[in-house]
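In: Using only what follows, build the 3D model:
(one chain, ligands or ions: 2)
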Amino acid sequence: MSLPQFRLLRPRTLGEALDFLGKYSGHESAHTLPAQTSRGPDGRGRPSPHEHSRGRLSPQVPIQVIAGGTDLIPSMRQKLFEPEYVLDLRGIDEMRGIRPAADGGVAIGALTTLRAIETSAFLQQHYPVLTEAAATVASPVLRNMGTIGGNICLDTRCLWYNQSLTWRKGCGFCIKKDGDLCHVAPGGTKCWATFSGDTPPALLCLNAEIEIAGPSGARRIALHEFYTGLGDNYRKLQPNELVTRVFLPAALADYRGVYRKLRVRGSIDYPLAGVAVVVKRSNEHIDDARVGITAVNPAPVLVKGVREMVAGKALDETLAEAVGDLAAKTAKPLTTSALTPEYRREMIRVFTKRAVLAANN
Ligand SMILES: Cc1cc2nc3c(=O)[nH]c(=O)nc-3n(C[C@H](O)[C@H](O)[C@H](O)COP(=O)(O)OP(=O)(O)OC[C@H]3O[C@@H](n4cnc5c(N)ncnc54)[C@H](O)[C@@H]3O)c2cc1C
Ligand code: SF4
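Out: Ligands and ions are numbered 1, 2, ... in the order given. Have a look, this model is predicted:
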């Protein structure tokens, strides 16, 4: 599958990148922008959404941001995105690195690779749940390219969506791209595509915040506010904005942390269910605990009620099982992924119990 033709923009500073976004994304939301026309690599006109749609049209976003490209490039090959411009962030040094934050804790540039996170002695010591989760993403080669920003902003996935144009055309387009029905939940109007990033559940456990830069400056929001819970419009990011940094608070440093993940091929696959757990202990009792889950909902989710359930208690099998039940109730897997929803939900229960026990030991 060849890439659609596009123009590559390579800014050297964040300011330059934001200028490009301002210029080429337009002021409106991308959802109201008209479809772009351009020519494919063979010189022939690309099919417009009109040509390969038999339902609702998905407007083309005229500019796509690329960091490591490990997710975007395969999606562009599948013609899920056919932007006229691609904004390559990799030349922006100020968006890379792991540094102490002014208000305590640590700031991680969005372009920091997953490999740099996985191997950071500082993060391994103080935020082990994040390094464990980063170490499970894809494969070593992809972690050398893939970034934390790209992992946070990762597109949601579905068996009916992450396919070639020919495949999607044959089976019928769906709400997430060019169609007006959902194959997973027919009759509904919502897309349930699954968020399948490994580091966001760990970041949620660590109460992480992200910095978003746009035309009117930078703002900082809690990571859990970034996701909408919708499979199609899954993140709250305007087309002229970038995620620039991730902040981990000092208050959550030194929590014990564990990440467990279900996948078909242990060497490379996206999670089909993932569980991050952090625990703080004093003597034989738990002071605090948090559980984040991924790959079973359209957003990564922090499981509610865990702290209330375990705080002040000594952890045993029964209590760990009860936390597993809570996580399984929060998981809403559907037939968006390989393996059955029932099995994936059950593995959330099992992994949560095991991860809580492991983090406590
Ligand atoms: C075979 C294979 C296996 C994989 N397995 C896993 C896995 O196990 N777990 C997992 O989590 N991922 C997996 N991935 C996906 C991917 O490798 C990682 O999620 C990686 O972290 C994506 O980062 P990137 O920098 O390459 O993102 P890109 O592909 O460059 O971008 C991904 C998305 O984020 C947006 N984006 C990137 N950076 C920014 C920014 N700073 N601001 C705003 N938007 C931004 C892009 O526009 C795009 O929408 C896999 C990919 C492949 C091909
Ligand atoms: S859940 Fe899957 S089939 Fe349904 S609209 Fe979303 S991507 Fe399409």
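
In: wait, what's in contact with residue 324?
Out: 348, 349, 350, 351, 352, 353, 356 (Cβ atoms under 8 Å, 6 or more residues apart in numbering). C-beta coordinates here come from the backbone N, C-alpha and C atoms, glycine included.

In: Compare those and tell me which is most surrounded.
Out: The residue in those with the most neighbours, by other Cβ atoms under 10 Å, is residue 352 (30 neighbours).

In: got a list of what that one touches?
Out: By Cβ under 8 Å, 6+ apart, the contact set of residue 352 is 275, 277, 291, 293, 303, 320, 323, 324, 326, 327, 328.

In: So for the one helix or strand the fourth one maps to, what gets flagged as buried?
Out: Spelled out, it's residue 293. Element membership of residue 293 [criterion: DSSP states H and E] is strand 285-294. By 16 or more other Cβ atoms under 10 Å, the buried positions in strand 285-294 come out as 286, 288, 289, 290, 291, 292, 293, 294.

In: how about that strand, does it reach ligand 1?
Out: No: residues of strand 285-294 contacting ligand 1 under Cβ under 6 Å from any ligand atom: none, with a closest distance of 8.1 Å.

In: so what secondary structure elements neighbour that strand?
Out: Contacts defined by 3 or more Cβ pairs under 8 Å, 6 or more residues apart in numbering; DSSP states H and E place strand 285-294 against helix 199-205, strand 273-282, strand 301-302, helix 306-310, helix 317-330, helix 341-360.

In: got the ones you listed as CSV, with mean pLDDT and distance to ligand 1 columns?
Out: Converted to CSV, the helices and strands packed on strand 285-294 look like this (pLDDT from 0 to 100; distance: least, Cβ to the nearest ligand atom, whole Å):
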stretch, mean pLDDT, distance to ligand 1
helix 199-205, 98, 7
strand 273-282, 97, 8
strand 301-302, 98, 15
helix 306-310, 97, 23
helix 317-330, 98, 19
helix 341-360, 97, 15
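
In: Give me whichever of those is most buried.
Out: helix 199-205 (a mean of 30; mean count of other Cβ atoms under 10 Å).

In: Show me where this structure dips below the pLDDT cut-off.
Out: 27-59 (pLDDT under 70).

In: What segments of it are helices?
Out: Here the chain has its helices, by DSSP state H, at 14-25, 72-77, 114-118, 121-126, 128-135, 140-145, 148-152, 165-171, 199-205, 306-310, 317-330, 341-360.

In: Mind putting the helices and strands packed on strand 285-294 into TSV with distance to residue 186?
Out: Shown next, in TSV, are the helices and strands packed on strand 285-294 (distance: least, Cβ to Cβ, whole Å):
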stretch	distance to residue 186
helix 199-205	29
strand 273-282	24
strand 301-302	25
helix 306-310	34
helix 317-330	25
helix 341-360	15
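
In: Which one of these lies nearest to residue 185?
Out: helix 341-360 (11.5 Å; Cβ to Cβ).

In: ok, and does stretch 184-192 reach over to ligand 2?
Out: Yes: Stretch 184-192 is in contact with ligand 2 by Cβ under 6 Å from any ligand atom, via 184, 191, 192.

In: ok, now which ones touch the residue in the stretch 251-361 of the chain that ligand 1 sits nearest to?
Out: Going by Cβ to the nearest ligand atom, ligand 1 is nearest to residue 270 of the stretch 251-361 of the chain, at 4.3 Å. Residue 270 is in contact with 138, 157, 196, 263, 295, counting by Cβ under 8 Å, 6+ apart.

In: tally of neighbours for residue 340?
Out: Residue 340 - counted by other Cβ under 10 Å - has 12 other residues nearby.

In: Phi and psi next, for it.
Out: phi -70, psi 150 (degrees, to the nearest 10).

In: what about it, distance to residue 334?
Out: 10 Å (Cβ to Cβ, to the nearest Å).

In: of all the helices and strands packed on strand 285-294, which lies closest to ligand 2?
Out: helix 341-360 (12.2 Å).

In: Near ligand 1, which residues of the stretch 151-300 of the chain are found?
Out: Contacts of the stretch 151-300 of the chain with ligand 1, taken as Cβ under 6 Å from any ligand atom, map to 151, 153, 154, 155, 197, 198, 242, 243, 268, 269, 270, 271.

In: hang on, the earlier thing: of the buried residues of strand 285-294, closest to residue 84?
Out: For the buried residues of strand 285-294, the residue nearest residue 84 by Cβ to Cβ is residue 294; the value is 32.3 Å.

In: The closest one bridge partners, please.
Out: As for beta bridges, residue 294 partners with residue 274 under DSSP bridges.

In: Enumerate the residues of the stretch 151-300 of the chain near ligand 2.
Out: 158, 160-161, 174-176, 182-184, 191-193, 231.

In: can you tell me which two in those are farthest apart?
Out: Among these, 183 and 231 lie farthest apart (Cβ to Cβ), at 12.0 Å.

In: Who has more neighbours out of these two?
Out: More neighbours surround residue 231 than the other of residue 183 and residue 231, with 28 against 17 (other Cβ under 10 Å).

In: Let me know whether the more buried one touches residue 189 as I believe.
Out: No: if you go by Cβ atoms under 8 Å, residue 231 and residue 189 don't touch, sitting 11.5 Å apart.

In: Cheers, nothing more for now.
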